[in-house]
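[1] turn this into a model:
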Amino acid sequence: MDWDKSVLKGVIDIHVHTGPEAHKKRKFNEYELAEEAEKYGATGIVIKTHAFETASRAKLVQRSFSNVHIWGGIALNEEVGGLNPFAVEAAADLGGKVVWLPTLSSKHEREAAGKTGGIVCVENGRTLPALDAVLRIIAERDMVLATGHLAWEEQMVVVERAKELGVNRILINHPTLFRISMPLEAQRRLLRYGVFFERNYGGSKLPVSREFEKHFDRNLTDIRALGASTSIMATDLGQPGNCGWSDGFAEYIHYMLDHGVSQDEIRQMTRDNPRKLLGVSENE
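    Modelled structure (predicted):
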C-alpha cells in the first residue's frame, strides 16, 4: 500500500537499526536511511546496533546531510565489554545520546532462548556496582538511559536506582516486546520517575518464533491508558525481511490516526517527546 508520507515531516525516530552490523543483516546503512528520512522531511534519527557504538558513525554521516539530524549511542553488550564505563565515556565524548543496557547479551535474553550466561545488571533486588558506575556517567553526561532487553522486573529496580544517582532521561525500551511484556500496571508504577515509554512499530516473537509482529493494537491500548505525554512512537525497523523505514513509520502513524489518536497527540509522540528525551532544541 502507498502511504501518505507527509505525516513523516518533523518526526524523530529514536530506534532504527542500521548496517553493517556484526552477527546481523540489515536492510540499509545509515547513509541510505538518512537520505530517506531527509526526503520525507524527518527531523532526526537515532541509529543503533547491538554490537558496537554508533556515535562515531552518526558523526560521520551527519557531514553529508544538513536537513536531518543523525544521533547514535552505545549498547552495553559483550562486544563492548558489557557494563563498561570507559566505553560509555568514550561514546559520550563522540556526542552519543543513548546508552542501551544489554540487549542480546542480557541474562534475561539468554534465559529466554534457553541459554546460560549473559550480562547481569540486577542481583537480589539491587543493581550491581558495575551498573552503578555506568549510571553515574550517564547522569554526569546527561545521556539517555534505555533499558534494553532486561526483564521488566529488573527494569523496575534499574529505573529507581538511576533516579537515585541523578539520571534525568530514561527510556523504557519496547515494553510490548514479546520477551519483555511489561504489564500495564508496572508501566503505571514507573510514571512517578518521569520516564518515557517506547511504542515501537513491532518486534520479533523470539524465542518462540522469528515472526516479526506489529505492536499497533497493544501500543494503542497502553497509550490510551497512560497518555501520549509519556509515550514515544518509534519503529525499531531495519531488519532485511521487513518494510522500509518510511513505509513502516507512515503505516504506524496512519493506524493511530485511523483509531482516534489526534494530530496533536501524534505530534507529541513523534516530535515533542523525542526532543525532550534527547535534550535537543527546535534549532537542532
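
[2] hey, let's count contacts and neighbours off CA atoms from now on
    Fine.

[3] quick one: low-confidence parts of the stretch 1-150 of the chain?
    Scanning the stretch 1-150 of the chain for pLDDT under 70 picks out no residues.

[4] which stretches of it form strands?
    Here the stretch 1-150 of the chain has its strands, by DSSP state E, counting those that start in this stretch, at 12-17, 44-48, 69-71, 73-75, 98-100, 122-123, 126-127, 144-146.

[5] what's downstream of the last one, the next helix or strand?
    Moving toward the C-terminus from strand 144-146, the next helix or strand (DSSP states H and E) is helix 152-164.

[6] ok so, going back, out of the strands of the stretch 1-150 of the chain, the one nearest residue 201 is which?
    Ranking the strands of the stretch 1-150 of the chain by proximity to residue 201 (CA to CA) places strand 12-17 first, at 10.1 Å.

[7] what's the closest one in contact with?
    Contacts of strand 12-17 with the rest of the structure, by CA atoms under 8 Å, 6 or more residues apart in numbering, involve 26, 42-49, 233-239, 270-271, 274-275.

[8] can I get that strand in CSV? Just the C-alpha atoms.
    C-alpha atoms of strand 12-17 as CSV (Å, rounded to 0.1, in the frame of the first residue of the first chain):
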residue,chain,number,x,y,z
ILE,A,12,12.3,11.9,15.2
ASP,A,13,12.7,8.1,15.3
ILE,A,14,14.6,7.1,18.3
HIS,A,15,15.2,3.5,17.4
VAL,A,16,16.4,2.3,13.9
HIS,A,17,18.9,-0.5,13.2
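
[9] just want the angle from that strand to strand 44-48.
    20 degrees (axes from the mean of the first three to the mean of the last three CA atoms, to 10 degrees).

[10] state the distance from the residue nearest to residue 55 when sequence neighbours are not counted to residue 90.
    Nearest non-adjacent residue to residue 55, counting by CA to CA, 6 or more residues apart in numbering: residue 72, 4.1 Å away. Distance from residue 72 to residue 90, counting by CA to CA, to the nearest Å: 12 Å.

[11] who has more neighbours, these two?
    Neighbours around residue 72 and residue 90, counted as other CA atoms under 10 Å, are more numerous at residue 72. The numbers are 28 against 15.

[12] would you list every one of the strands in the stretch 151-284 of the chain?
    Under DSSP E, counting those that start in this stretch, the stretch 151-284 of the chain gives strands at 169-172, 196-200, 202-204, 212-214, 231-234.

[13] I'd like those strands written out as a markdown table, with distance to residue 99, mean pLDDT and mean neighbour count added.
    A markdown table is the format used below for these (distance: least, CA to CA, whole Å; pLDDT from 0 to 100; neighbours: other CA atoms under 10 Å):
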| stretch | distance to residue 99 | mean pLDDT | mean neighbour count |
| --- | --- | --- | --- |
| strand 169-172 | 10 | 98 | 24 |
| strand 196-200 | 14 | 98 | 26 |
| strand 202-204 | 20 | 90 | 19 |
| strand 212-214 | 24 | 92 | 15 |
| strand 231-234 | 17 | 98 | 28 |
